[in-house]
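Q: turn this into a structure:
(chains A, B, C and D)
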There are 4 protein chains.
Amino acid sequence: MSGIWGNKIRYSIFGESHGPGIGIVIDGLPAGIKLDIDMISKEMKRRRPGKSGISTSRTEEDAFEIKSGFFNGYTTGAPLCAFIPNTNQRSRDYEQQRDLLRPGHADYSGYIKSNGYNDYRGGGHFSGRLTAPIVFAGAVAKQLLAVQGIFIASHIYKVGREVDKSFMEIEIDDALARTLAYSDFPTVEPTAEASMKKAIADAKASGDSVGGIIEAAVLNLPAGIGAPFFDSLESTITHLIFSIPGVKGIEFGDGFDIAEMRGSEANDTYYVNNNKVKTESNHNGGILGGISNGMPIIFRAAFKPTSSIAKKQDTVNIKAMENTTIEVTGRHDPCIVPRAVPVVEAAAAMAILEHL
Amino acid sequence: MSGIWGNKIRYSIFGESHGPGIGIVIDGLPAGIKLDIDMISKEMKRRRPGKSGISTSRTEEDAFEIKSGFFNGYTTGAPLCAFIPNTNQRSRDYEQQRDLLRPGHADYSGYIKSNGYNDYRGGGHFSGRLTAPIVFAGAVAKQLLAVQGIFIASHIYKVGREVDKSFMEIEIDDALARTLAYSDFPTVEPTAEASMKKAIADAKASGDSVGGIIEAAVLNLPAGIGAPFFDSLESTITHLIFSIPGVKGIEFGDGFDIAEMRGSEANDTYYVNNNKVKTESNHNGGILGGISNGMPIIFRAAFKPTSSIAKKQDTVNIKAMENTTIEVTGRHDPCIVPRAVPVVEAAAAMAILEHL
Amino acid sequence: MSGIWGNKIRYSIFGESHGPGIGIVIDGLPAGIKLDIDMISKEMKRRRPGKSGISTSRTEEDAFEIKSGFFNGYTTGAPLCAFIPNTNQRSRDYEQQRDLLRPGHADYSGYIKSNGYNDYRGGGHFSGRLTAPIVFAGAVAKQLLAVQGIFIASHIYKVGREVDKSFMEIEIDDALARTLAYSDFPTVEPTAEASMKKAIADAKASGDSVGGIIEAAVLNLPAGIGAPFFDSLESTITHLIFSIPGVKGIEFGDGFDIAEMRGSEANDTYYVNNNKVKTESNHNGGILGGISNGMPIIFRAAFKPTSSIAKKQDTVNIKAMENTTIEVTGRHDPCIVPRAVPVVEAAAAMAILEHL
Amino acid sequence: MSGIWGNKIRYSIFGESHGPGIGIVIDGLPAGIKLDIDMISKEMKRRRPGKSGISTSRTEEDAFEIKSGFFNGYTTGAPLCAFIPNTNQRSRDYEQQRDLLRPGHADYSGYIKSNGYNDYRGGGHFSGRLTAPIVFAGAVAKQLLAVQGIFIASHIYKVGREVDKSFMEIEIDDALARTLAYSDFPTVEPTAEASMKKAIADAKASGDSVGGIIEAAVLNLPAGIGAPFFDSLESTITHLIFSIPGVKGIEFGDGFDIAEMRGSEANDTYYVNNNKVKTESNHNGGILGGISNGMPIIFRAAFKPTSSIAKKQDTVNIKAMENTTIEVTGRHDPCIVPRAVPVVEAAAAMAILEHL
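A: Model prediction:
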């Protein structure tokens, strides 16, 4: 397994859902960055379970301890290690069903990969809980991006069949970005929230779960960032986005719709504005030839419905190699999308920072 | 820019469309691999311009010269360098319009990135021609995968609005895989070819271009390959797929459709078959938690319409910083999708090999 | 700064001498390795301060906590994080002299590198204390090497002008290797210990310190391990050895003496023995063309005398930019060589493992 | 094998002594660097065989062809590939003795590594000829360093027992640096040249070879460059220096002599000079804690005598697994040290550039 990513700034993740804790080492940070710890805490809370009444009842503080690389309020330039102790674990939930493969989870693929030596409790290292250190790292990355005026806005674009307005249709101004950042359930259209929450509640009521799409925009990224081969801006962003459990698709700009278009429709034509080159449209989502063109970077990531559902499902007992059924107990979100919003932003922030 | 990719086997790409040539160094190949040079030539021909009467009239041989790492028919374990000399260049086509930004191309983003020092002729290092060395590397990767029984099948899933049958709906047997591999215009449904070719011809007739979708399947990949963070199987595949010029989206299994599904629909339930664990469905495209589960890896990549079109477009003269128009001359494909098929396969082969 | 090393197995180090603690994340370990925790503890004790009566009076337990990647006695294949909490710190020792550059230390170079944001207490991240996580990682690496029969023997070859017999002159059998591994002050010649300890005591008595040389041998490494460019076996070993504070030179086989030799003397001639190829001599220290030849890998690393000495020294107050003097207080080893023995072995083990 | 090195700028080497040619891809160069091609040619000539009448009679032009990344006199930011075609090969020399292991060469270790699939002609990929692309890359690196005023001076410090004056004893001013750079046989003491050349001639006369030491200094490197773990300045430099065939030892500052010193002797005490911090001495060779301290970086690399000698030597026929003897024919340098001078400088330049 490869728990290390990055070239200039490198991230080394570790931990399991029901072990002593989880964490991340961030290597290569410049010295003398004043870290806003409150902002990091706020980001951690955006991902925290137990919010909105619609997510898992496992309430954790996700309090992080900075173990190194931070001194008198500033980064030292030495590796920054953040550790999040695990609390409120109920491993018994998992012990009873340890040999039953939960459909949709990494139980089987992870079992084979580790020859059965994986920590099976709560998904172990494969748990969505590992996104907490990613949010930590993303919060640090965001602070470095903010210095250059770059920020990331995102919203819940879709839950089930309920759709919000797309960033492709609007201008994302500061007011909207701030509203989204402070919202527990960020949508562009205020009305979208209620219908989406109802879709989630409906799924939960029937012992089921539902998927969705998160749309994000990187704003104020200057032109000229990225590379054609092999580290295109899209490559880097998608590499990290596909490290988020549950993601099954990603698209930039018009994405899959662009396949149906003609060149005369899809090409973003240029014009000069205040001695700056701009494009009339943004079908390409701000990236051409793997390199930013100065327009907002816009992408959407598709999340599958939460794999853990109360409904009885067919499965296999991996030890006995016998067909059986499973009813997944434990505390689970009926939809991971709301909690995944800061994770998507974190992944995008880390990816962008890598290119600067 | 980063023209090097990989960890176990590393690929270092170089070259420009109108320079002396293009090439790739493949580092880390094991010694003693008998390379089938004919098979490499066939793969190169699949990508070659000038086929089918529907693609660019620039006919090149794409003859490759192996400069190192190959001795008496076998790899030596030393770096393998392949060089493809450029021939049949018509740089004048580009010289006339060198200051005009071609919409949809990397002319502007690449200009900014290189502070204007880029080789602008034919897109320079950003040219789709750079996919030739990728196909070479992919052909080598495929030969290494074949030893383990792993192979990749792909087809043109969509051109414009014309759709082929999806790999999600069928069983991909050896006969189909072979048919697709030997076809200049691979589709599952024989009837799809005609309608797609008509869509391309229509676009060409109106001085325009059209996009499409390629669907690929990695077959016989054993379970347990990949990682949850940060090098998931999806991360690695998408990283390389987004290095192919023109790709704007990727999805695995049900992809974006999974966002509308419920957990009880999207979960692939397990059963035992001949003492092997299988899943009833393959909504997750053969990957769970970033790790293969033994089912076929299925993904789709969306390509935008060719950026070079004959129609007049608004643009900017980057030197004069003035609005103007452009009619892109030169020889161009009205649809890059047919030629991109072996490139997608190559990227997938390199990605899979990285994990083995 | 770059606190991450390795390609197949990657090590991410963090921590400061007087912060919450120090640690290391080991990424890429195979799953299912039964770790001998007692053996790791023993290795940690070999490096521990306070032994032999000749080293620093800061007695720390160096008790390590495994935070992840280890479950029911076995590695899980997920990242293994070990954390060593700091205890028994006396930061006041350092607070008084924080602006005085200690000669021989990284105070000045580290101050410039971090723009003055470094944690100056006890050397911070530059402290020799950071070798504790390296010894932890080395202990894990040794266990993986042992499975293949590979082990590392080392001894104190030189302290000041006192010299032990060299590995170049003897056959290193299992008995000797075991004796060295269990010794607090390993020498080949039992008589060397007393004279070396006297040299250390003499230095200490005069408020001074003394340097030395450690010689190590990697045994049972098969032929064919390494590479010519750029990751020769020597490159990899020296890369890590020069991460140990205080090292100023390294040589393999006859090392610097080989510069005076003729080819007819320095060439290790081949002969067949029991159908195996061997060399009559080992002037090249078991490495030819960057690749092992089946003979023992033998190298020597030169350590400078401990920089912290009680004697008054000229220096600079970096804040005031004034000349001044310093008497370094605190608890320090008069010779770091004895404690560095397991660190050298750890670095060698990590380097060898990288190539296997 | 790993033919790729570097993080910010990455070098990918390829080629064999008797194949079509050798070369290197340099990835990550900034765009807009005006390359002085004449200077590169001069550097190539410094390494060229056939100079001084004392080296191999294989005279090659080592003419390099830039295949990519260079346009209208400037780097484009895309990968720069240089290719050096092989000429004047006499493979028959090697064909006759292909199964006889040449003592001191990588014949055996390379044979095992590649399972016998190595290109055995002239050492194949293990040939000293591969240092030509390193010199090319070093010449480019030097031009980037020169912009920042950083340059590298070196001389032949020792041949056999003949010793030049050390950089540790003198001030290296611009005049000396220039003299050394323009000399075919650079020494500090003009008288050293004659005695060293005589040592080489004597070795040659007796069908033998002789080793030596090269000393180099990196001048004007600012303080604060490097890292403590794991990429110390010494680690990076030694990593590359040990990629040069024939190197068996390296030491910084006083190197192995420092092991005999006391702390009060070895510590370089600080003083203020013109509001700059300097050290009175430079026992540590300009590096403390892996980081530059603003003093010249001084190191020495020990080269073994040329392995190819005319004298009859015992060896093994690897196919027959029988003892036999060999007289190595072909054209060889009796001492590789003079030709290795620009190679050492190139390696140092690449290493320093990596840290900037």
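Q: and stretch A:134-150, is it in reach of chain C?
A: No - using Cβ under 8 Å from any Cβ of the partner chain, stretch A:134-150 stays clear of chain C, coming no nearer than 12.9 Å. Bear in mind the C-beta positions are built from the backbone N, C-alpha and C, glycine included.
Q: can you give me phi and psi for the closest residue in space to A:Gly289 that isn't next to it in sequence?
A: In space, A:Gly289 comes closest to B:Ala106 once its chain neighbours are excluded; the distance is 2.4 Å by Cβ to Cβ, 6 or more residues apart in numbering or on different chains. In terms of degrees, to the nearest 10, the main-chain angles of B:Ala106 are phi -90, psi 20.
Q: tell me, how many residues neighbour B:Ala106?
A: Here the number of neighbours of B:Ala106 (other Cβ atoms under 10 Å in any protein chain shown) works out to 27.
Q: pretty sure it contacts A:Ile291?
A: Yes - with contact defined as Cβ atoms under 8 Å, B:Ala106 reaches A:Ile291; the gap is 6.0 Å.
Q: where does chain A dip in pLDDT?
A: Judged by pLDDT under 70, chain A has its weakly predicted residues at A:1, A:50-61, A:88-95.
Q: where along it do the helices fall?
A: For chain A, the helices defined by DSSP state H cover A:37-47, A:92-95, A:107-113, A:131-147, A:174-182, A:190-205, A:233-241, A:263-266, A:337-355.
Q: wait, A:Leu130 sits on A:Gly15?
A: Yes - look at A:Leu130 against A:Gly15 with Cβ under 8 Å: they come within range, at 6.5 Å.
Q: which residues are in contact with both of those two?
A: Each of A:Ile22 lies in contact with both A:Leu130 and A:Gly15 under the rule Cβ atoms under 8 Å, 6 or more residues apart in numbering or on different chains.
Q: ok, these two, which is more surrounded?
A: Legend: neighbour count by other Cβ under 10 Å for A:Leu130 and A:Gly15, higher for A:Gly15 (31 against 28).
Q: report the beta-bridge partner residues of the more buried one.
A: Per DSSP bridges, the residues bridged to A:Gly15 are A:Ile22.
Q: contacting residues for it?
A: Contact partners of A:Gly15, counting by Cβ under 8 Å, 6+ apart, are A:21-23, A:84, A:86, A:125, A:129-130, A:133, C:67-68, C:79, C:81.
Q: one more pass at 10 Å, please.
A: Residues counted as contacts of A:Gly15 (Cβ atoms under 10 Å, 6 or more residues apart in numbering or on different chains) are A:3, A:21-24, A:83-86, A:119, A:124-125, A:127, A:129-130, A:132-133, C:25, C:67-69, C:78-79, C:81.
Q: next one: A:Ile352
A: Contact analysis of A:Ile352 by Cβ under 10 Å, 6+ apart lists A:141-142, A:144-145, A:148, A:150, A:152, A:218, A:221, A:225-226, A:233, A:236-237, A:240, A:292, A:297.
Q: can you rerun that using 7 Å?
A: When contacts are counted by Cβ atoms under 7 Å, 6 or more residues apart in numbering or on different chains, A:Ile352 touches A:Leu145, A:Ile150, A:Val218, A:Leu221.
Q: next one: A:Lys8
A: Contacts of A:Lys8 were listed using Cβ under 7 Å, 6+ apart, and they are A:Gly28, A:Glu354.
Q: can you rerun that using 10 Å?
A: Listed by Cβ under 10 Å, 6+ apart, the contact set of A:Lys8 reads A:Asp27, A:Gly28, A:Leu29, A:Leu353, A:Glu354, A:His355, A:Leu356, D:Asn7, D:Lys8.
Q: likewise for A:Gly110?
A: A:Gly110 makes contacts with A:1, A:101, A:116, A:118-120, A:123-126, B:223-224, B:226-228, B:288-291, B:293, C:31, C:76-78, as judged by Cβ under 10 Å, 6+ apart.
Q: from A:Asp27, how far out is A:Ser12?
A: According to Cβ to Cβ, to the nearest Å, A:Ser12 stands 7 Å off from A:Asp27.
Q: show the buried residues in the contacts of A:Lys8.
A: Neighbour-count burial (16 or more other Cβ atoms under 10 Å in any protein chain shown) applied to those gives A:Asp27, A:Gly28, A:Leu29, A:Leu353, A:Glu354, A:His355.
Q: quick one: which of those residues is nearest to D:Asn275?
A: Using Cβ to Cβ, A:Leu29 is the member of the buried ones among the contacts of A:Lys8 that lies nearest D:Asn275, at 29.4 Å.
Q: kindly reformat the contacts of A:Ile352 as a markdown table containing neighbour count and distance to C:Tyr111.
A: Formatted as a markdown table, these follow (neighbours: other Cβ atoms under 10 Å in any protein chain shown; distance: Cβ to Cβ, whole Å):
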| residue | neighbour count | distance to C:Tyr111 |
| --- | --- | --- |
| A:Leu145 | 23 | 28 |
| A:Ile150 | 20 | 30 |
| A:Val218 | 27 | 36 |
| A:Leu221 | 27 | 34 |
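Q: specify which member of those residues is nearest to chain B.
A: Chain B has its nearest neighbour among those in A:Leu221, at 11.1 Å by Cβ to the nearest Cβ.
Q: sorry, back to before: so of the contacts of A:Lys8, which two are at opposite extremes in space?
A: Spatial extent of these (Cβ to Cβ) is set by the pair A:Asp27 and A:His355 at 17.3 Å.
Q: what sits against the residue in the stretch 51-200 of chain A that chain B sits nearest to?
A: Nearest to chain B, among the residues of the stretch 51-200 of chain A, is A:Ala106, at 2.4 Å (Cβ to the nearest Cβ). Residues near A:Ala106 by Cβ under 10 Å, 6+ apart: A:112-113, A:118, A:123-127, A:245, A:307, B:226, B:228, B:287-291, B:293.
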